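Asks: below are the sequence and a predicted model; questions follow.
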Amino acid sequence: MELFPSSDEDLWSLIKGVVDECDFYVLLIAHRYGSLTREGISYTEAEYEYARSAGKPVLAFFHAGPAPAATGEETAKQGRLTAFKELVSDTHTPGYWSDARELPFLVQQALEKTKRKHPAIGWTRFEPSR
């Protein structure tokens, strides 16, 4: 969310627009539940639910390393994070990474397999009219 541009639309509308433009939804879950929406769920979980409702293939990846000690507000959210991970695991087969250097290969491998199973438009170059 930190990389989103300034916009005249609300955050959730902006997020839905980004998900709508994607062919696949790549979900990365580590050790924090994250910022909450007005409805009280994390933006990541809300995005995930929206991507599923939009019929996007979901590629989930969980951090496999030990969690750092949670503090403050994140301690209270640990149960929500566990429930979210269980929800994702019940619906998808997640990949696991321990080191960030592993992630690009794992994502690329999953994307290549998913592209064969669920062909999509993909990125196409815009050619202005002549």
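Replies: The structure has been received and is ready for your questions. A quick note: this is a predicted structure, and the numbers were derived from the prediction, not measured.

Asks: buried stuff in stretch 69-80?
Replies: 74, 77, 80 (16 or more other C-beta atoms under 10 Å). Bear in mind the C-beta positions are built from the backbone N, C-alpha and C, glycine included.

Asks: mind checking how far that stretch is from the chain centre?
Replies: Computed by C-alpha atoms, centre = their mean, to the nearest Å, the chain-centroid distance of stretch 69-80 equals 20 Å.

Asks: pull out the buried positions in stretch 25-38.
Replies: Neighbour-count burial for stretch 25-38 [16+ other C-beta under 10 Å]: 25-27, 29, 32-34.

Asks: nearest to V18 among those residues?
Replies: Using C-beta to C-beta, Y25 is the member of the buried residues of stretch 25-38 that lies nearest V18, at 10.1 Å.

Asks: got a list of what R101 touches?
Replies: Going by C-beta atoms under 8 Å, 6 or more residues apart in numbering, R101 touches no other residue.

Asks: what does it show for phi and psi?
Replies: Main-chain dihedrals, R101, degrees, to the nearest 10: phi -70, psi -20.

Asks: and L59, by the same measure?
Replies: According to degrees, to the nearest 10, L59 has phi -110, psi 110.

Asks: that one contacts K115, correct?
Replies: No. Counting by C-beta atoms under 8 Å, no contact exists between L59 and K115, whose distance comes to 10.7 Å.

Asks: okay, those two: which has more neighbours?
Replies: L59 (21 against 14; other C-beta atoms under 10 Å).

Asks: check which helix or strand E47 maps to.
Replies: According to DSSP states H and E, E47 maps onto helix 43-53.
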